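[1] When you get a sec, could you give me coordinates for this:
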Amino acid sequence: MPAAPAFQLTTPKQGRAYFHPVRMKILGFLTREALTISQTAERLHVHPANITHHFRILERARLVRLVEKRDIGRVVEKYYAAVAREFEIVPPTGTVDDVNRKILTFLRDDIHANIAHLRGDDSEQLNGWIMRARIDAKTYRKFEKRLRDLLDEFDAARCETGKSYALNVSLYPHQVDYGPMVRYKINKKERLRVVK
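    Numbers count the residues shown, from 1 in each chain. Next comes the predicted model:
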């Protein structure tokens with residue numbers, strides 16, 4: 001049975017199962033193809049015993065499912081697949097603690113992990129912007145939709161021969177005081193510029 005396009009995380013158990021770096025990597029593999037625990041461990045460069053409990057947690061939370069068993073003699077290979085290609089975090093109020101904190105932590109960790117892989121010669125394509133504005137709830141919802149549309153457009157533009165890029169989009173309450181800064185812009189031509 002093919003995976004659904006999207007699955008909504010609505011329970012505390014699903015939230016706890018999803019928000020773990022190893023389990024997120026496992027789900028990333030299992031959204032593309034059905035794999036055994038051993039095959040997944042090989043892709044993660046770990047021993048299968050190190051991820052067996054992660055599979056149990058994902059299966060109990062119904063984020064992965066057993067899709068096939070193959071009898072190969074002494075053992076039965078079990079193939080797992082993610083229940084969807086994409087996971088949406090839509091918890092009812094109060095069911096998962098600190099969702100906002102977890103989302104921003106995930107974004108931070110992803111950026112931090114990729115910093116270590118950047119070349120020191122600045123030859124890679126990279127742009128970054130931080131902009132701050134006071135807006136009302138209606139305007140927030142409008143920008144939220146436009147950003148979602150942009151992400152969908154980015155996802156639809158993928159091609160197998162291209163280089164892997166991440167489009168990291170977040171719209172969040174901004175509490176850090178950088179002084180009179182309005183916009184923080186980083187790109188190759190202008191380097192680092194603060195626009196007031």
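[2] Mind listing what's buried along stretch 63-75?
    Neighbour-count burial for stretch 63-75, counted by 16 or more other C-beta atoms under 10 Å, picks out L63, V64, R65, V67. Where you see a C-beta, it was placed from the backbone N, CA and C, and this is true even at glycine.
[3] what about stretch 158-173, how long is it end to end?
    Stretch 158-173 has its terminal residues 31 Å apart, counting by C-alpha to C-alpha, to the nearest Å.
[4] Same check on stretch 109-128?
    Taking C-alpha to C-alpha, the first and last residues of stretch 109-128 lie 16 Å apart.
[5] How far does it sit from its chain's centre?
    17 Å (C-alpha atoms, centre = their mean, to the nearest Å).
[6] And for stretch 123-142?
    The answer for stretch 123-142 is 19 Å, by C-alpha atoms, centre = their mean.
[7] I'd like the average pLDDT over it.
    For stretch 123-142, mean pLDDT rounds to 84.
[8] Kindly report the same for stretch 151-169.
    Stretch 151-169 comes out with an average pLDDT of 86.
[9] and for that stretch, what are the contacting residues?
    L107, D110, I111, N114, Q125, L147, L150 (C-beta atoms under 8 Å, 6 or more residues apart in numbering).
[10] how about a cut-off of 7 Å?
    Here stretch 151-169 makes contact (C-beta atoms under 7 Å, 6 or more residues apart in numbering) with L107, D110, I111, L147, L150.
[11] immediately after the host helix or strand of A113, which helix or strand?
    Assigned by DSSP states H and E, A113 belongs to helix 99-115. Next along the chain after helix 99-115, taking DSSP H and E as the criterion, comes strand 128-131.
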